[in-house]
Structure formats: structure tokens, C-alpha cells
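Engineer: Provided below are the primary sequence and the corresponding predicted coordinates.
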Amino acid sequence: MKRFIQGEHRGQSNLLPESLDDYVNDTNPVRVVDVFVDELDLVKLGFESAIPADTGRPAYHPSILLKIYIYGYLNRIQSSRRLEREAQRNVELMWLTGRLMPDFKTIANFRKDNGKAIRGVCRQFVVLCQQLGLFAGSLIAIDGSKFKAVNNRDRNFTSAKLKRRMEEIEASINRYLTALDAADQQDRPASDANVVHLEERIAKLKAQMKELQLIETQLNESPDKQVSLTDPDARSMMTRGTGIVGYNVQTAVDTKHHLIVAHEVTNVGSDRDQLSPIAKQAREAMGTEKLSVVADRGYFKSGEILACHDAGIVTYVPKPMTSAAKADGRLNNDAFIYDAAANAYTCPAGETLIWRFSSVENGMKLHRYWSSNCQSCALKSQCTPSKQRRIRRWEHEAVLEEMQHRLSRAPEMMKVRKRTVEHPFGTLKQWMGASHFLTRKLNGVSAEMSLNVLAYNLKRVMKIIGTVSLLEALTA
């Protein structure tokens, strides 16, 4: 092996540095983790065992376990068993914990028992980002993405899926019973290998049917008619592919540095009811009175947009094009012009559609308008197949119209949304791997997501202002 760089012999004695601190340079991110956690008020955040008991075996201080987890998620080590091994061999973790080496069960229990407090730590770092002036100040992008749970699709049941599975089992049982009858007619003995195999298969299928009947009972008692056996809170959700069993993660991302301002984990597959809650959460985290939010058309819901309007939050959400008239090639509702002073519509033919009556549907007060001259109109074939073209108007329709006018004056908003909010999701899913979440139930999954978001924000801030500047800000 001549002419190559040579390593030292394994039996060679070395004088290693006497201090672990010599292994960790001044710009190492592990120093940020150490200072950040030491500056937190863990008692106020609600961490268990932050105040030690007077009796019993001493426990690990929550700061030690929190440091281990933050370091792990910064380095894509989310598993408690892997963190246990790293604490025994990783010099940076030895420096961070003072050579403490908790077992995997202690590490896992800390994340399971302190979900709410861990989410509070994530919010604390967002407050620090706000104090450092890292937010654009008035504009955020909101989006949701589906993350896989530990629950396999075969362990998730809906009414249709359960019915289909039971029908398949019944068909298989009938097929095996028919085969048994044929064997009886051939006078085969009960000890015949084929007969024994058929009887075993029938017994196994009947046991599966009993299990499915128990699941059917749980399904009927479930509010959303869905049951997941491994993770009870996970739900089947539609995606662009075949769908997954998991959670819907909502994020509000700052448009200046792509920092995640607020996040929430839900097990509701639709985004329609998520706009105002995450927008209000983001405004509180940013500490600003004025806020504008941009989201895709999956968030368009009249009540949510009104809630944002009432809270003083400016929204940019495009309206979905779901008009049956437009799909059939007829005139859409936007071809009819509303006159607020006269409380009437003007159609493309110049006729006036006057107010007729009001009604309440799904908690929304709707007004009805139509004209009596539709039968003789030259444009009727292009307008409606009914006797009259009837227009429905929500009592707060002006809020939606104002938003659409605002969006038409700022067409770049949807590009801003795309380049802002989709990057964090792609980064987080890459870090988390194909399996995504490792924990079960909504509380555990929320804590795990908060650790991922905290690690993402920490890396972003260290990239933006540098490790040294962040350390100075933490100790200021």
C-alpha cells in the first residue's frame, strides 16, 4: 500500500485531548442546542419531572432528554433506540449530555409524556425568530400535506372496505364448503390431507369473520365511520396517488425566509376547515396585528374566509371552478353583475334579476334572484335549461367578491404560495423517510411533528444568520 495516505496502527498509544469540549468547535450546531435548551423555563412549559421528587430514585433532568431529541432530529435520528446508541458512541452527544446515556425506553417515554410541552418549545423558537426580525411581517403561505402513520392500510377499515372484505371471506368459505361436499361424495376419509386442509382453511376464515364482526361494531360506534387498529387516531386520506392512512399536517410559512411560523396536526383529510385556525395561530406567533395569508383553492370555504375577514386577516384564496353551467358550456354566475344599491342582478341580455326570497341552508343565509322574462330571452339556451335562471347569493358574498378582486390584482400570489410553502414539506418528508411518523395517536404525532419543525427552523436560522450570531441572540 505504498504511495497512499497511511493510518495509524490500532495498537498505537495516543494522547487525546483531556476535555470533551476540545472536540466541539465554536460553530458546531450542538452548542446552539445546548444554549437554547438551557435558556428555556422547563417548569413553565410544563415538562414532567422538571421539579424533582423528594423521594425515590433520581430521574434524568428534562433538559438532558430534550437536548438528545433536538440533536437527533437535527441529524435525522428520530428513533429512540438509535438515539440510545448514539449517546453511547457519539462525541457530540457525550458533550451535550455530560456523558449521560439514558436507555431507549426513557427516551421514548419522554417524547410520549411531554407532547404539549415539546410543542411549546417549538413556539418559543418561533418567538425568538420574531424578535430577531426574521419574518416578512405581513404575508404567510398556508398549506397542508398528508403524512403516513404507522398504521398499515390493511389495518384501516371503512364501511365499504369492511363489507367488501366480509363478502370475499364468505365467498371463500362457500367455495371451500363446496369442495368439502365434493370430497364427501367421493367417500374420502376425514384424515385425507385435502379434507384436513379445507377444514383448516374454513376454520381460519370463520375466525377472521368473527374479528371483522367485532370491527363492524366499533365502526358503527365511530363518529366518522372509520377504524384504525394500529393507530386509533390515524385516518384514511385521499392523495394524488392511491391515498394513505395518516395525518394531515397544516403549516403557515413566512414568505421571507421560509420559516414555519405555525403548524398543526389533524386527522381530518380535507383542508376546507383549516384556514382561519392556522391563520390566527400564525398571527399570534408573529405578534402582528396585520396579516395576509395565501392558500390554494382547497381552502376555499365561505365561513372560513368570513372568519378571517372578521379577525382582520386579509386572504388570497382562489375560488374552485365547480360550476355545472360552465362545465356544460353555459353562462357562469360571474357573467351576472350584482348591483348592491338595487339589490338585484343584471344578466348578459340586460334583464334584471330581482330579489325573490331568502332561506337558510347549512347555517348560511342565502338570497334568491330571478327574472320573469327568461322564457322569451334569446340567450336562454346558453343560460339555463330551466324556466328561469336563478342566482343564489350568500349574505356575506361581498367578502368573497372583494377577495377575488384582490386576487385578480395580484396574480403573482399563487406563485408566491407555491415557492414558499411546498419547500418545507418536501424537506421534512425527506428527513422523516418513507415511514414518516414513528409514534402513535394524535398527541404523540403532534410532538414528533413539533420536533421536526423545530429542527427545520433551527437549521434555517443557522443558515440565515450563522451559528455565532444565533448563539449571541440566545444568550442576550
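Structural biologist: Great, that's in hand. All figures in this text were calculated on a predicted structure; none of them were measured in a lab.
Engineer: buried residues, stretch 439-458. List them.
Structural biologist: 439-440, 442-458 (16 or more other Cβ atoms under 10 Å). C-beta here means a position set from N, CA and C on the backbone, and glycine is covered the same way.
Engineer: what do you get for stretch 208-221?
Structural biologist: 212, 215-216, 219.
Engineer: and that stretch, how far from the chain's centre?
Structural biologist: Distance of stretch 208-221 from its chain centroid, counting by Cα atoms, centre = their mean, to the nearest Å, is 29 Å.
Engineer: what's in contact with it?
Structural biologist: 157-159, 162, 165-166, 169-170, 173, 225-227, 229 (Cβ atoms under 8 Å, 6 or more residues apart in numbering).
Engineer: averaged pLDDT, stretch 110-123. What do you get?
Structural biologist: Throughout stretch 110-123, pLDDT has a mean value of 94.
Engineer: likewise stretch 129-143?
Structural biologist: pLDDT averaged over stretch 129-143 gives 89.
Engineer: can you measure across it, start residue to end residue?
Structural biologist: 21 Å (Cα to Cα, to the nearest Å).
Engineer: stretch 282-300 now?
Structural biologist: End-to-end distance (Cα to Cα), stretch 282-300: 18 Å.
Engineer: quick check: mean pLDDT of it?
Structural biologist: 91.
Engineer: need the contact partners of that stretch.
Structural biologist: Here stretch 282-300 has contacts from 123, 126-127, 130, 135, 137-144, 252, 254, 261-262, 270-272, 274-275, 279, 308, 311-320, 413-414, 416-417, using Cβ under 8 Å, 6+ apart.
Engineer: of the buried residues of stretch 208-221, which belong to helices?
Structural biologist: Among these, DSSP state H puts 212, 215-216, 219 in helices.
Engineer: and which of those residues is nearest G7?
Structural biologist: Set against G7, the nearest of these by Cβ to Cβ is I215 (59.6 Å).
Engineer: so how far is D22 from the closest one?
Structural biologist: Remark: distance between I215 and D22 (Cβ to Cβ, to the nearest Å) = 59 Å.
Engineer: could you point out the helix or strand that follows the helix or strand of the chain with the lowest mean pLDDT?
Structural biologist: For the chain, counting by mean pLDDT, DSSP states H and E, helix 324-327 ranks last in confidence among helices and strands (a mean of 72). The helix or strand immediately downstream of helix 324-327 is strand 337-339, counting by DSSP states H and E.
Engineer: next SSE downstream of that next one?
Structural biologist: Assigned by DSSP H and E, the successor of strand 337-339 is strand 344-346.
Engineer: tell me the mean pLDDT over the following helix or strand past that next one?
Structural biologist: Next in sequence after strand 344-346, counting helices and strands by DSSP H and E, comes strand 352-361. Confidence over strand 352-361 (mean pLDDT, whole number) is 92.
Engineer: so which elements touch strand 352-361?
Structural biologist: If you count contacts as 3 or more Cβ pairs under 8 Å, 6 or more residues apart in numbering; DSSP states H and E, strand 352-361 packs onto strand 344-346, strand 364-370.
Engineer: mean neighbour count, the ones you listed: which tops it?
Structural biologist: strand 344-346 (a mean of 18; mean count of other Cβ atoms under 10 Å).
Engineer: note down every partner strand of that strand and its orientation.
Structural biologist: strand 337-339 (antiparallel), strand 352-361 (antiparallel) (DSSP bridges).
Engineer: buried ones in the longest one, by neighbour count?
Structural biologist: It stands for strand 352-361. L353.
Engineer: give me the residues contacting it.
Structural biologist: Contacts of strand 352-361 (Cβ under 8 Å, 6+ apart): 336, 342-347, 365-371, 389, 391, 395.
Engineer: how is the closest residue in space to E86 that isn't next to it in sequence assigned, secondary-structure-wise?
Structural biologist: Counting by Cβ to Cβ, 6 or more residues apart in numbering, L93 is the residue found nearest to E86 once chain neighbours are left out, at 5.3 Å. Under DSSP: H, G, I helix; E, B strand; the rest coil, L93 falls in the helix class.
Engineer: so for L93, what's the pLDDT?
Structural biologist: 94.
Engineer: now it: how far from I77?
Structural biologist: For L93, the distance to I77 - Cβ to Cβ - is 9 Å.
Engineer: ok, which stretches of the stretch 201-350 of the chain are strands?
Structural biologist: All strands of the stretch 201-350 of the chain, identified by DSSP state E, counting those that start in this stretch, fall at 226-228, 235-237, 244-254, 260-266, 291-294, 313-316, 337-339, 344-346.
Engineer: check contacts around the closest residue in space to I70 that isn't next to it in sequence.
Structural biologist: Leaving aside its chain neighbours, I70 sits nearest to V33 (5.0 Å; criterion: Cβ to Cβ, 6+ apart). V33 sits next to 67, 70-71, 74, 96, 458 when contact means Cβ under 8 Å, 6+ apart.
Engineer: before we move on, which element is Q430 in?
Structural biologist: helix 413-432.
Engineer: and that helix, what's buried?
Structural biologist: So helix 413-432, judged by 16+ other Cβ under 10 Å, has buried residues 413-414, 417, 420-421, 424-425, 428-429, 431-432.
Engineer: where does the stretch 51-200 of the chain have low pLDDT?
Structural biologist: 187-192 (pLDDT under 70).
Engineer: all helices of it, in order?
Structural biologist: 62-74, 80-89, 91-97, 104-113, 115-131, 159-185, 193-221 (DSSP state H, counting those that start in this stretch).
Engineer: highest average neighbour count across those?
Structural biologist: The most buried one of the helices of the stretch 51-200 of the chain (mean count of other Cβ under 10 Å) is helix 62-74, showing a mean of 23.
Engineer: return it as PDB; C-alpha atoms alone will do.
Structural biologist: Taking C-alpha atoms only, helix 62-74 is exported to PDB below (Å, rounded to 0.1, in the frame of the first residue of the first chain):
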ATOM      1  CA  PRO A  62     -35.900  17.000  31.200                       C
ATOM      2  CA  SER A  63     -33.300  19.300  29.600                       C
ATOM      3  CA  ILE A  64     -31.000  16.300  29.000                       C
ATOM      4  CA  LEU A  65     -33.600  14.300  27.200                       C
ATOM      5  CA  LEU A  66     -34.900  17.400  25.300                       C
ATOM      6  CA  LYS A  67     -31.300  18.100  24.100                       C
ATOM      7  CA  ILE A  68     -31.000  14.500  22.900                       C
ATOM      8  CA  TYR A  69     -34.200  14.700  20.900                       C
ATOM      9  CA  ILE A  70     -33.400  18.100  19.300                       C
ATOM     10  CA  TYR A  71     -29.900  16.900  18.400                       C
ATOM     11  CA  GLY A  72     -31.400  13.700  17.000                       C
ATOM     12  CA  TYR A  73     -34.000  15.500  14.800                       C
ATOM     13  CA  LEU A  74     -31.300  17.900  13.600                       C
END
